[in-house]
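1. structure, please.
(one chain, ligands or ions: 1)
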Amino acid sequence: MPDRQRVLILGGTSEAVDLANAVTDRFDITYSLAGRTKVPSIPKNATIRTGGFGGVAALSAWVRGHDVSLVIDATHPFAEQISANAANACKMTGTPRLRLLRPAWDTVPGDSWHRADDVADAARLLPLLGRAAFLSVGQKELNAFAGLRAMRFLIRTVDPLNSLPLLRAERIIGRGPFTLEQETALMREYKIDVLVSKNSGGNKTYAKIAAARVLSIPVVMIKRPCFPSGVTVDNIGEALEWLKLREQKTT
Ligand code: NAP
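-> Here you go, the predicted structure:
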């Protein structure tokens, strides 16, 4: 048994980094990333591992093999596969798991949201709402919009894209958070008349939603996928409480 409990934090979000930074003095933290971003944000004083585990059985073996006593799934609300894998691996190994899931956004007066069930549904709605879309979705979702050949797109990514399946698209590089002023100016500059966004939640990427409201631009808001049942908290304070209880149980 190691001196300090080993905790695996599945990351890729700012709250995962913040949580890890808050507990590295009390727990032996391994912070896990998929490896999608070239220069990711990472916590200090944690062990960083990068890349997929290789599915549920391999993740279970990793958890056992590294004496992991607690798992915190702090991945993005749309990272459906790794969350499902984590839930199953924790079931298989009997490892307590916490889901840290930031609250979803909701409309406020002045918003014009068109809710989409998934990316395909968003692509179906889009031509009914505008001609120039700011597509604030991930690279793997862009294919869904490839058939919309009459539309113009703006794509912003952290790293340059390897390929782009869209006929008329302008690409820019940028890493948030962005301010309301920046997002408003960007949408004005590219003459955007509709925004497509996942309902990611949180403050760090909300400015584009507020900018759409300021500019009276409709938003196609893609709803979150279903996530596995289990203990879920929506803020770091509650995640710290959960960890504290687990810490007391084993000391
Ligand atoms: P995903 O579809 O749920 O996961 C696909 C596969 O990538 C998983 O099966 C797993 O591979 C690997 N993986 C994902 N997250 C991992 C992690 N934290 N550590 C180790 N392996 C991981 O995930 P995604 O939507 O591609 O997102 C990838 C990462 O980017 C996540 O960590 C997420 O927090 C972050 N992110 C996602 C979004 C988004 O919109 N989806 C936005 C911002 C950040 P194996 O099956 O081989 O283990």
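2. the protein against the ligand: which residues are in contact?
-> 10-13, 32-34, 36, 52-55, 59, 75-76, 78-82, 85, 138, 198 (Cβ under 6 Å from any ligand atom). C-beta: built from backbone N, CA, C; applies to glycine.
3. could you flag which of those residues are buried?
-> Among these, those classed as buried by 16 or more other Cβ atoms under 10 Å are 10-13, 32-34, 53, 59, 75-76, 78-79, 82, 85, 198.
4. show only the entries of those residues found in helices.
-> Within these, residues falling in helices by DSSP state H are L59, I82, N85.
5. now do the contacts for the first one.
-> Pointing back at L59 there. F53, N85, A86, A89 (Cβ atoms under 8 Å, 6 or more residues apart in numbering).
6. farthest-apart pair in the residues you listed, please.
-> Distance extremes for the contacts of L59: the farthest pair is F53 and A86 at 9.5 Å, using Cβ to Cβ.
7. let me know the secondary structure of K244.
-> Going by DSSP: H, G, I helix; E, B strand; the rest coil, the secondary structure assigned to K244 is helix.
8. distance-wise, check it relative to R26.
-> Relative to R26, K244 is positioned 9 Å away (Cβ to Cβ, to the nearest Å).
9. quick one: average confidence on stretch 193-210?
-> For stretch 193-210, the mean per-residue pLDDT is 97.
10. same thing with stretch 7-22?
-> Taken as a whole, stretch 7-22 has an average pLDDT of 97.
11. next one: stretch 140-158
-> Mean pLDDT, computed over stretch 140-158, is 96.
12. which residue is nearest the middle of the protein?
-> With distances taken as Cα atoms, centre = their mean, the residue of the chain nearest its centroid is H76 (2.5 Å).
13. tell me who's in contact with it.
-> Neighbouring residues of H76 by Cβ under 8 Å, 6+ apart: G12, T13, S200.
14. quick one, phi/psi of the second one?
-> Main-chain torsions, T13, degrees, to the nearest 10: phi -130, psi 160.
15. what comes up buried for stretch 89-104?
-> Within stretch 89-104, the residues that qualify as buried are A89, C90, T93, T95, P96, R97, L98, R99, L100, L101, R102, counting by 16+ other Cβ under 10 Å.
16. likewise stretch 55-71?
-> Neighbour-count burial for stretch 55-71 flags V56, L59, S60, W62, V63, V68, S69, L70, V71 (criterion: 16+ other Cβ under 10 Å).
17. does the fourth one belong to a helix, a strand or coil?
-> In three-state terms, and counting by three-state DSSP, W62 is helix.
18. which strands and helices lie in contact with the worst-scoring helix or strand of the chain on mean pLDDT?
-> Least confident helix or strand, the chain: helix 236-250 with a mean of 88, by mean pLDDT, DSSP states H and E. Here helix 236-250 is seen to pack against helix 14-23, strand 68-73, strand 97-100 when contacts are counted using 3 or more Cβ pairs under 8 Å, 6 or more residues apart in numbering; DSSP states H and E.
19. can you rerun that using 7 Å?
-> Contact partners of helix 236-250 among helices and strands, from 3 or more Cβ pairs under 7 Å, 6 or more residues apart in numbering; DSSP states H and E: helix 14-23, strand 97-100.
20. among these, which comes closest to R213?
-> Shortest distance between R213 and the helices and strands packed on helix 236-250, using Cβ to Cβ, is found for helix 14-23: 23.0 Å.
21. now do the contacts for the residue of the stretch 151-251 of the chain found nearest the ligand.
-> Closest contact between the stretch 151-251 of the chain and the ligand, by Cβ to the nearest ligand atom, is at K198 (5.8 Å). Residues in contact with K198 (Cβ atoms under 7 Å, 6 or more residues apart in numbering) are F78, V137, I222.
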